[in-house]
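K.L.:
next input, structure requested:
(2 chains)
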Amino acid sequence: NAGVMQNPRHLVRRRGQEARLRCSPMKGHSHVYWYRQLPEEGLKFMVYLQKENIIDESGMPKERFSAEFPKEGPSILRIQQVVRGDSAAYFCASSPQGPHTEAFFGQGTRLTVV
Amino acid sequence: TQLLEQSPQFLSIQEGENLTVYCNSSSVFSSLQWYRQEPGEGPVLLVTVVTGGEVKKLKRLTFQFGDARKDSSLHITAAQPGDTGLYLCAGPFSGGYNKLIFGAGTRLAVHP
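P.N.:
Modelled structure (predicted):
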């Protein structure tokens, strides 16, 4: 768990601002997954990326949300024009290779929209 | 649609008691995982069960995968306050294994 690094741990944004969440996968892992967790709920899949490619974004809202995993640097989940309903914990997980049958999660970023 | 239903949703017990939590689905899963999540932290993988009927033990925790691979259970013997947390089951989505399907979790509180 400690190997996947997410920052910031907490992020407060006003409605309409942009939120940028970063995830550095475990060393040697080239597959990254983003999940969202609302209070008292399980995790919901958002997007699966490999280096420079989005493999599956079926769980990500089509508007305002985007994700990338560049050749160099961390994976970024970007939320534009945030609304109160975006307030949640966002978790990143990584794996060394597909298929994605297990996940090693980071500590998450808790986004609060005020 | 693959769904995982966990029960009970909440469980509050005294230290030393035994408990079982359940993870059920109408769909077959190739494997199921159990995670524990503490407040403010990410889920931590406890175990993966793969074979129908499989039983795995992790100290005082016993995990079982149903024969038909549609359900799983977690049994804790002599619970301790350190067992407190949210227990999540998850399985790979059958349509490509690109994602995990999570249950809503069982929130366990063990009181001294």
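
K.L.:
helix, strand or coil: sort out B:Gly82 for me.
P.N.:
Following DSSP: H, G, I helix; E, B strand; the rest coil, we place B:Gly82 in the helix state.

K.L.:
next, count neighbours for it.
P.N.:
9 (other CB atoms under 10 Å in any protein chain shown). C-betas here are computed from N, CA, C, even on glycine.

K.L.:
and if you look at B:Gln64?
P.N.:
By the criterion of other CB under 10 Å, B:Gln64 has 17 neighbours.

K.L.:
give the contact list for it.
P.N.:
B:Gln64 is in contact with B:49, B:53-56, B:72-73, B:75, counting by CB atoms under 8 Å, 6 or more residues apart in numbering or on different chains.

K.L.:
closest one of these to chain A?
P.N.:
Chain A lies nearest to B:Val49 out of the contacts of B:Gln64, by CB to the nearest CB, at 11.3 Å.

K.L.:
could you double-check that the closest one lies in contact with B:Ser72?
P.N.:
Yes - the pair B:Val49 and B:Ser72 passes the contact test of CB atoms under 8 Å, sitting 6.2 Å apart.

K.L.:
measure stretch B:82-95 end to end?
P.N.:
37 Å (CA to CA, to the nearest Å).

K.L.:
same deal with stretch B:33-49?
P.N.:
End-to-end for stretch B:33-49, by CA to CA: 6 Å.

K.L.:
and what of stretch B:33-45?
P.N.:
7 Å.

K.L.:
now that stretch: mean pLDDT?
P.N.:
Average pLDDT, stretch B:33-45: 93.

K.L.:
can you pull the buried residues of that stretch?
P.N.:
B:33-37, B:41-45 (16 or more other CB atoms under 10 Å in any protein chain shown).

K.L.:
give me the subset of those touching chain A.
P.N.:
Near chain A, judged by CB under 8 Å from any CB of the partner chain, the entries from the buried residues of stretch B:33-45 are B:33, B:35, B:41-45.

K.L.:
give me the low-pLDDT residue ranges for chain A?
P.N.:
Within chain A, the ranges that satisfy pLDDT under 70 run A:1-2, A:98-102.

K.L.:
could I get the full set of helices for it?
P.N.:
With helices called from DSSP state H, chain A shows none.
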